[in-house]
Every structure is written in structure tokens, then in C-alpha cells.
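Student: Sequence plus predicted model, see below.
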Amino acid sequence: MVRGNGSDNWAKKQVFTTGEAAEICKVSQQTIIRCFDAGRLHGFRVPGSRFRRIPRVELLRFMRANDIPTESLESAKKRVLVVDDDEQIVALFLDVLGRDDRFEVQTASTGYDAGVLTEQFRPHLVLLDYMLPDINGNLVCDRIRANPDLAGTKIIIVSGVVKPDEIDALMESGADDFVKKPFDIGELIKRMKDLLEV
Amino acid sequence: MTNLQVKQIQRVELILQQLDALPTLSPIAVRLLDLTAAQDTEAKDVIQLIGSDPALASKVLKLCRCHPRGRAVSVTSLDRAVVLLGFDAVRNAVLSIQIIELFDGVPSPGDEIRGERALFDRLAFWQHSLAVAVACELIVASTSLRSRLKRSEAYLSGLLHDLGQLVLHVIMPASFDRVCELAEAYNLSIDQACRRIFGLDSHTAGKRLAEHWHLPHALADVLWLHGQPFNLLPELPHREMIGLVTLADALVRRQHLSTIGHVPRGEDLAGMCRDLGLEESVIDAIIPCLHEEVHARAISLGLDLETSTGLLLRSVSRANEVLGRLNATMRRRTTDFDSQTRTLKAITEFHASAIPSGSLVTVLGKVVQSAAPVLDGRFFAMLYQAREGESWQLLQFATDGRVLRCDMIEPPLPSTAIEDLGDDMQLSMEALTLLPWLTEYLGDADNLGKVRLLPLRCGWGVIAVLLYECETPAGGTMARIQLDALSRTWAATIAAAAQHHGARRLGEQLADANRSLADTQDELARSRALAAVGEVAAGAAHEMNNPLAVISGRAQILAQQVDRKLKPMAQQIVKQAHYLSNMITVLQTVAQPAVPKCRSTDLAELLARVVREVSPKNSSDGQVKLIVKETLPLVNIDPDQIARAVHEVLRNALEAKPSAQIELSVQIGGPDDRLKIQVVDDGPGMSDHTLAHAFDPFFSDKPAGRQPGLGLAMARRYVEAHGGRLTLENGPAGGAVATIWLSTPTGRQMRDVA
């Protein structure tokens, strides 16, 4: 479910034509076709026709492999994944961040969903609750940190825990910051911006 | 029945058995008794019987010649004797001869050992018996009794009346001597003494012997019942005979014709005479011939007696001897009594003055005070040990009980050395071998050689040793037993004082233990309560912070969207939500403070920062003055926790009084270089109730609902987490004084408080 309201088409698109890929990569369409046909850029042909189609993920891989800047493909908005099992907290975050057009937000209510979405959505920042129904926040933290593809992902733990020892342990498992619930919205946004260098 | 009674019964049985084991009368005597008892006996049978034993025959003839009638009719042969004197006279003569010979033939066990000192004199016994026999015979012969009693029977009854004594003496000579001794010492009759020692008297023994020997009943009853008042005697046919023997016995004693048994008791001879229907003058009539007659009979019976004059003289000299002995005993008893009186007086005075509940030293002083006049000493010291295991002390006393000097005996004294001390010994080589160090402490004694040691022993051993300097040993002026009594009294009182002292100490220790137990319980209760609070707070944190986050977040959004009028309300919601959440955090911190993250910290700088934080913007609301007199080293502390602790203490002081003037000082000092951070305010001070509860979570002496009373509680937990202490008290100037003690400024011994 995509809740973002970005105006950039590329950011939303999941499958690209060779023409679109050429525009994004700022190369000629022929070059894209050649690469496609040589198997260096994977994709598929539309069934019943000879039109080539390239999935977003494959295009991103191709661009990174060839040192082509990916900004044009990605949105200017920062992708934020909110992980919390409390619906009202999730709703609060959506309200707070949704009104700010610098953020694109997705949400998850379990550690499992969080893992899946981290792969798919590739968030710039995860706002992670500690107490989750299935696995605890620190494990989610560990998984993200163990994946080199997600090296740039920032994590802020947002939790009601008060024991200093537990907070220390969370920071040690790779979180970048800790914000205690209840929080000051202004303060939270500031910390997010600081981390994302917006 | 007591054990003693059982023993006595057993002893009586034993004596009776021995009686039965005595030799019986010779066959001649037995046969003679049979013959004379039978109605149809002829003279020739008796003559033949006696004639068969020539020795007996000659003795009978000899005896018969002494017979008043025998003398007149010149008895030359047995035939004449029997014819002239009758069966009874001959029979009685034979019996007396036989019985005397019988006992002479029975050796008394132990005779040879006792030798001259034997108290029971057999010769004297027979002499007494013979005198009684003769008296009986004379009384019968010269009075109206003649018609009712046979002379020869009276004679025999008198002769044998005390046979029981002789028997007891034969069976148990040593014990019987003891009986005689007892009778003499306590002025008892032989029989009273017998009953005391044997459990039976000579009368019973005599009766049993008579039965064993089949003596005539009349004779047996005399042996048994003589000596009893006439009117108490049972109605027996031979009642008069018994009364006669009793009378004769008393008469003989009155005449000092015997030295055996008890002295005359002033029996009522006249009364006895009246009982028997006699005139008292009868007695006077027979006395003149009594002495001579006794002498004559003694010879004929082979008893080598003295003349009656000699006998009298001997009686007198015996009486004198007894009197002398009595005198000596009296004198000795008087001396003893004097000495005992003195001892008793000393004990009484000591008891009156010494109170065991007094201090041990006081009691020791009282002992010296009591001992001084009794022992007639000059220098007094007391060696004692307050409690087992403690070191011995040597206290020197003046004679009035004042302590002059006190020394601790070093090295500790083995108590065996004390136990080995003899009773009241001189400070001889022996004593110095046991207590070689003693002379070092006795510099004040004039003459060490005259110092004596008197160990004071109580039930469990020597409780103290009294040292005194004395010209003569205490035993010289006082009997050993009395010194013993005194020293034991002293020892008992010292022991009681020591016990009392020990009990008091034990009581105090118990009270201490109770107090520390109560403290521990308080501490345990506090830590349990805190642990519970910690659990609740940790649980509450998760459960409450989520809704609080929603409340706060929504209110923040609201605040941005509503108009100016409503905005403060939304902001208030936010503020209160955060306040609640904060309270949970603090509560959790109080319950389980984090392990301090110590690092080298500039304390002066830290305190200055805290002062800046807490100082009211308007100085009229109070001022905090930081006093740092010395250059402080860097200290190893968790700066956040200590800063927070000081912060809370200062805040508490500022809230106590508007426009408070507060001094915050810091210094390092004390024996273990402790860091002392002190906050002194000029407020009203604290009530006892506040002091007792200031550190309780949520306690506040301010009006309810103003501030959460968690600040001081948290401050204390942070300080405790550093191994330090936070104390609160009222200062001399009236304000409150809060002191943070951090035991190790360098943080070497920091401990974790979980």
C-alpha cells in the first residue's frame, strides 16, 4: 500500500520501457536496448509482443553497477518506515509526517512486516518501536544492520521503555537515536532531519 | 519410706540374723532348764547332770556357798546344795555361770585392734549386772516381795537384764563403741544411742537372745521390758520382777556401783518402791550390805573385781575424767562458737554491704573491706577475670575498698595456673612458679614473702584470688572451715556480680542485635518495596507511555490547528502528559537507578553548573552560594547522576522557603578522604516526621499535589549508587542540612547498586 502523494512519476513506477530507462539513465534508447539484449540489463518482453520491459529493482541495480546517478529515478522525498503495533501511534505518525511533503511514509505493525518492507520500500529512516508483538525492535535493528544493501538506512527507536540499561542495549544494536514516548513532535522532526541531512 | 529408713530396717535384720548365729547354751544348761521346768524332776537327776561336768560342779558349789542360806548351812556337796537351796537356786547358779563363760569364750571381732581404747568394758558390764542382781536378791530377801518372788530368780533377772547390750557388743564391737561414744557425747542412754545407730535397742536384742536360748519367759520379758515405768508395763504375772530389776538398776547407779551406761538421772526411787508396794526405807536398809555382797559374788563367779571402796574410787575418778572431757569439749565449743560468731558477723556485714548487682569492681572492693579486719592484713589486691576468655586484671585496694591501682595482666594468663593454686598459700616459690609475673605487679607490698594468696572458689572454679600481706596466716586466727565459709561467700557474691555483669552485657548485645535486625528488616523492606516499585514502574512505562504519546501527539497537532484561545489548553494537555510520563521515569530511577557511568569529573565546575541551573532568575526568590575553599582533584563519578542529586537537594532547599539563602559547600577530608558536599539552608528546618520520611517516594511536607516527592528519593539513590550516603538533619542555626558523603573521591571502590 502506497500512501505517498509524490508528484514524480518515476518514483512511483515499478516497470519501465526502454525509452523511459534511457531518459532516466540519460543515455540513448539504442544503448538500453543493446544492454537489454546482451543480458546486462535484465527484463522481460510483453507477452504477445516484442516490447521490452525493465522492473524498477533491475533498473536500479543496472544504474548502480554502471555508476549512473539514481536520484532521477528516486523521489526527492525521504522514505520513512514507521514500525509500531499500536494503531493509534501509527495513525499519529501518519498524520504528523503525512502533512510534511518531505516524507514518504509506509507503516508496519510487526517485526516481520518491517523486514519485508525494508527490502521493498528501502526506507531512508525507520522509526522503530521496541516492544513488537513478534520480535523485539532490537532484532529488527540487528537485521537491518546485517544487510549491506541497507547500510545507509537510519534507525530511530521510539519507545516507552524507561530503563536506562535497555535503552543502552538498543543503541548498541545499531540504532542511531532514541526518542522516548511521549515525544515532542518538533523535536522528533528535528532529529529525523538531522539524521537524514535534509 | 526414705532410703535411710530402708537401710535401717536392713541393718536390724542383719543384727537379728547374727543374734541367731550366736553360740547356744551348752547341752547341760539346756537340759537343766528342761529338768527344773518339769514337775516330776527329782533331785538326783539335777545332781547327776551337774556332776557330769566337774568344772561346772565346783563353780556351782562355790556360788552356792555365797548364797545367804548356803553360807549358813555349809554347802559341801552338790547333793546338799540342791537339797538345801532348791532346784531354782542351783539352776540359776548354773545359768549365770554358763552365760558368763559363754560370752567370755566369744571373741569380739576387732578386739585386738581396738585394744585399750575399747569403750565398752566387759568387766564393768558384768560388775554392773552383778550389782543389780545382788540388789534384786537383797530387796526380795528383805521385803514383802519375798512371798511373791523367788530370790534366785530375782538374782538371775538382775544378772542378765542388760544381756542385750553385751550381745550387741559381741556382734558389732566397733559400732557399739560408737554407741557408747555417742551416748557419752550427747548424754544419751545407751539404748537411745543404740536406736540411733542400729535401729534397735539392746532390749530387743536381749529379748531375741532369750528366745534363741529358750530362756524362761519371765526372764525374756525382764530382758525386754526392764527400765520402763511400772505403770506402763503390761499386765504380766512377772510384772513385779520387771519393776524390781528397774528399781535395782536405778539403785545400783545411784550407789555408783557401776560405771557402765548412762549416769544416774535422778530416777524416782521412792516412786519405784511404791509401785512395788515397798517402803523406801527398804532401800536404805540394804545399801550397807550391797557393796560387800557384790564383791563376794564376783569372786565366786570368777569376776576379778575390785573392792567396793576401790570401785567407788574408780567410779569417782571415771566421773572426773568424764567431767574433764566435758569441760575440754565445752571450752573448745566456746572457742569455736566465738570464731563462728565472728565469721557469721563478717558474712552478715558483707552481705549487707555487697550488692551483686553493683559493678564487679565495687563488689571486689566490698570483699576487701570485709576481708581486711578478718584476715588482719595490710596490702590487699584482687586478681580476677571478668569473663571467661577476657584477660585477668590485678586490682589493688585500700582496706576501705577503694581501688588504688589497676593492672591488666599481659600476656593472658592461663586459667589452669589459677586452678592449681592451693588454698590460702604463701607467695612461695611454688606460687611464683605458677604465676611468675606476679611480682612485677606487687611493688606496693612491703614484704613480698608475707603476701598470701587466697583463691576464692565458687561452683565452677576460682573466680578471683585475694592477695594480702599478713604477719600470720589466716588459719592461725581462724578455723580453716570458717575461712572457707567466708571465702566461698565472697566468691559466690563475686560470681553473682560477674553473672549479673555478663547478663547485663548479654542483654545489651541482644538489644544491639535487635536494633541491627530491625535496621536490616527496615532495609530489606525498603529494598523490597523499591523492587516492587521498580517492577510496577517498568510495566507502567510501557503500558502508559504509548497512550501518553498519543495524547501528547494529538494535543500537539491540535495546538497547531486551534485558535489562540484554545491553544494553551492543548499545550496544557501536552505538558501534563509529559509530566506523568516523567514521573514514571523518575519512579523507575528511584527503584532501580542505573549503574553510574563514572568518569573523571571536575566537581567544582559541575557544582557551578548545577547552581546556575537551579538558581531562581529573580534573586529575591532565593540564592545559592557555592563555597569551594580548596582546589579539588578530579573525582571519578557519574557527573549526570551526581549533578542530578545535588540539583534535587538544592531544589528541595529552595522550595522550603521563599527567598532562601543557601550555601553549597564542598570539601575533602576525614579519615578516609571522603568527599563532603553540604547544602545548608536558612529555612525553618524539618520536623521529626519529615526527617524520618523525607526520602520516601511521593513524601512531601508541602501541601498535597504540589510537587512529586521523588527528588530527594532519587538524589539518595544516585548517591547510594556511588557507595555514598545522603543524610538530612537540622543544623544548629535552625535550617536543614543535607550532606552528600561520597566515600571515595577517586572512585576506586565504587560499587553497583542495583
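Tutor: Perfect, I can see it now. Numbers count the residues shown, from 1 in each chain, chains lettered A, B, ... in the order given.

Student: May I have the phi/psi pair for the nearest residue to A:Gln29 once chain neighbours are set aside?
Tutor: Setting aside the residues directly before and after it, A:Gln29 is nearest to A:Ala22 in space (C-beta to C-beta, 6 or more residues apart in numbering or on different chains), at 4.3 Å. Just so you know, the C-beta spots here come from the backbone N, C-alpha and C atoms, and that holds for glycine as well. Recorded main-chain torsions at A:Ala22 are phi -60, psi -40, according to degrees, to the nearest 10.

Student: what's near enough to touch A:Ala22?
Tutor: A:Ala22 sits next to A:28-29, A:31-32 when contact means C-beta atoms under 8 Å, 6 or more residues apart in numbering or on different chains.

Student: From B:His500, how far off is the residue in the stretch 151-300 of chain B positioned nearest to chain A?
Tutor: Among the residues of the stretch 151-300 of chain B, B:Gly199 lies nearest to chain A; the distance is 94.7 Å by C-beta to the nearest C-beta. Relative to B:His500, B:Gly199 is positioned 48 Å away (C-beta to C-beta, to the nearest Å).

Student: Same check on A:Glu166?
Tutor: In this view, A:Glu166 and B:His500 are 61 Å apart by C-beta to C-beta.

Student: Ok, A:Val140 next?
Tutor: A:Val140 sits at a distance of 75 Å from B:His500 (criterion: C-beta to C-beta).

Student: Pick out whichever of those two has more residues nearby.
Tutor: Set A:Val140 next to B:His500 and count neighbours by other C-beta atoms under 10 Å in any protein chain shown: A:Val140 wins out with 29 against 17.

Student: and that one, which of the three is it?
Tutor: At A:Val140 the chain is in helix, as set by DSSP: H, G, I helix; E, B strand; the rest coil.

Student: Spatially nearest residue to the most centrally placed residue in chain A (excluding sequence neighbours)?
Tutor: Residue closest to the average C-alpha location in chain A (C-alpha atoms, centre = their mean): A:Pro123, at 1.8 Å. The spatially closest residue to A:Pro123, leaving aside those adjacent along the chain, is A:Leu81, at 3.8 Å (C-beta to C-beta, 6+ apart).

Student: Kindly report the same for B:Val179.
Tutor: On the basis of C-beta to C-beta, 6+ apart, the spatially nearest residue to B:Val179 that is not a chain neighbour turns out to be B:Ala193, at 4.4 Å.

Student: OK, contacts around the one you found?
Tutor: Taking C-beta under 8 Å, 6+ apart, we find B:Ala193 in contact with B:179-180, B:182-183, B:186.

Student: same check, this time on A:Phe44
Tutor: Residues counted as contacts of A:Phe44 (C-beta under 8 Å, 6+ apart) are A:52-53, A:55.

Student: most neighbours, which of the residues you listed?
Tutor: Neighbours here are counted as other C-beta under 10 Å. On that basis the top member of the contacts of A:Phe44 is A:Arg52, with 19 neighbours.

Student: got the contact list for that one?
Tutor: Neighbour list for A:Arg52: A:17-18, A:33, A:36, A:43-45 [criterion: C-beta under 8 Å, 6+ apart].

Student: hang on, B:Ser615 packs against B:Arg609?
Tutor: No - using C-beta atoms under 8 Å, B:Ser615 makes no contact with B:Arg609, being 10.9 Å away.

Student: So for these two, which residue has more residues nearby?
Tutor: With neighbours defined as other C-beta under 10 Å, B:Ser615 and B:Arg609 compare such that B:Ser615 has more, 18 against 15.

Student: Please report the distance of that one from B:Ser281.
Tutor: The gap separating B:Ser615 from B:Ser281 is 139 Å, by C-beta to C-beta.

Student: Same question for B:Ala131.
Tutor: Counting by C-beta to C-beta, the gap from B:Ala131 to B:Ser281 is 20 Å.

Student: Who has more neighbours out of the two?
Tutor: Here B:Ala131 and B:Ser281 are compared on neighbour count by other C-beta under 10 Å; more neighbours surround B:Ala131, at 32 against 8.

Student: Next, count neighbours for the closest residue to chain B within chain A.
Tutor: Sorted by distance to chain B under C-beta to the nearest C-beta, the residues of chain A start with A:Gly160, at 2.7 Å. Here the number of neighbours of A:Gly160 (other C-beta under 10 Å) works out to 25.

Student: quick one: contacts for it?
Tutor: When contacts are counted by C-beta under 8 Å, 6+ apart, A:Gly160 is found next to A:130-131, A:180-181, B:541-546, B:548-549, B:581.

Student: The same query, at a cut-off of 7 Å, please.
Tutor: Contacts here follow C-beta atoms under 7 Å, 6 or more residues apart in numbering or on different chains; on that basis A:Gly160 touches A:181, B:541-542, B:545-546, B:549.

Student: Considering helices and strands only, name the one in chain A with the lowest mean pLDDT.
Tutor: The helix or strand with the lowest mean pLDDT-type score in chain A, counting by mean pLDDT, DSSP states H and E, is helix A:9-12 (a mean of 70).

Student: That one: what's the following helix or strand?
Tutor: Moving toward the C-terminus from helix A:9-12, the first helix or strand encountered (DSSP states H and E) is strand A:15-17.

Student: just checking, what packs against that following strand?
Tutor: Using 3 or more C-beta pairs under 7 Å, 6 or more residues apart in numbering or on different chains; DSSP states H and E as the contact criterion, the secondary-structure elements in contact with strand A:15-17 are strand A:52-55, helix A:56-65.

Student: Run me through the strand neighbours of that strand, direction for each.
Tutor: When pairing is defined by DSSP bridges, strand A:15-17 lines up against strand A:52-55 (antiparallel).

Student: Send me the partner strand as PDB with only the CA atoms.
Tutor: As requested, the backbone C-alpha atoms of strand A:52-55 are provided in PDB (Å, rounded to 0.1, in the frame of the first residue of the first chain):
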ATOM      1  CA  ARG A  52      11.000  -4.800 -23.700                       C
ATOM      2  CA  ARG A  53      10.100  -4.000 -20.100                       C
ATOM      3  CA  ILE A  54      12.500  -3.400 -17.200                       C
ATOM      4  CA  PRO A  55      11.500  -3.800 -13.500                       C
END
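
Student: looking at chain A, which residue lies furthest from center?
Tutor: Counting by C-alpha atoms, centre = their mean, the extreme residue of chain A relative to its mean C-alpha position is A:Gly48, 34.3 Å from that point.

Student: which residues sit in contact with the nearest residue to B:Ala29 once chain neighbours are set aside?
Tutor: With sequence-adjacent residues excluded and distances taken as C-beta to C-beta, 6+ apart, B:Ala29 is closest to B:Gln98, at 4.4 Å. For B:Gln98, the set of contacting residues under the criterion of C-beta under 7 Å, 6+ apart consists of B:25-26, B:29.

Student: Most neighbours of all those, which one?
Tutor: B:Ala29 (22 neighbours).

Student: Next, the buried residues of stretch B:667-679.
Tutor: By neighbour count, with 16 or more other C-beta atoms under 10 Å in any protein chain shown as the criterion, the buried positions of stretch B:667-679 are B:668, B:674-679.

Student: Do you know the pLDDT at residue 18?
Tutor: Since no chain was named, I'll use chain A. Listed pLDDT for A:Thr18 reads 91.

Student: Please refer instead to chain B.
Tutor: Looking at B:Gln18, its pLDDT reads 74.

Student: Reduced to three states, what does it come out as?
Tutor: On the basis of three-state DSSP, B:Gln18 is classed as helix.

Student: quick one: it and B:His161, what's the gap?
Tutor: When C-beta to C-beta is the yardstick, B:Gln18 and B:His161 sit 21 Å from each other.

Student: which one of those two has more residues nearby?
Tutor: Under the neighbour definition other C-beta under 10 Å, B:Gln18 and B:His161 were set side by side, and B:His161 has more, 30 against 15.

Student: Just list the residues touching that one, thanks.
Tutor: Remark: with contacts taken as C-beta under 7 Å, 6+ apart, B:His161 is in contact with B:132, B:222-223, B:226, B:245, B:249.
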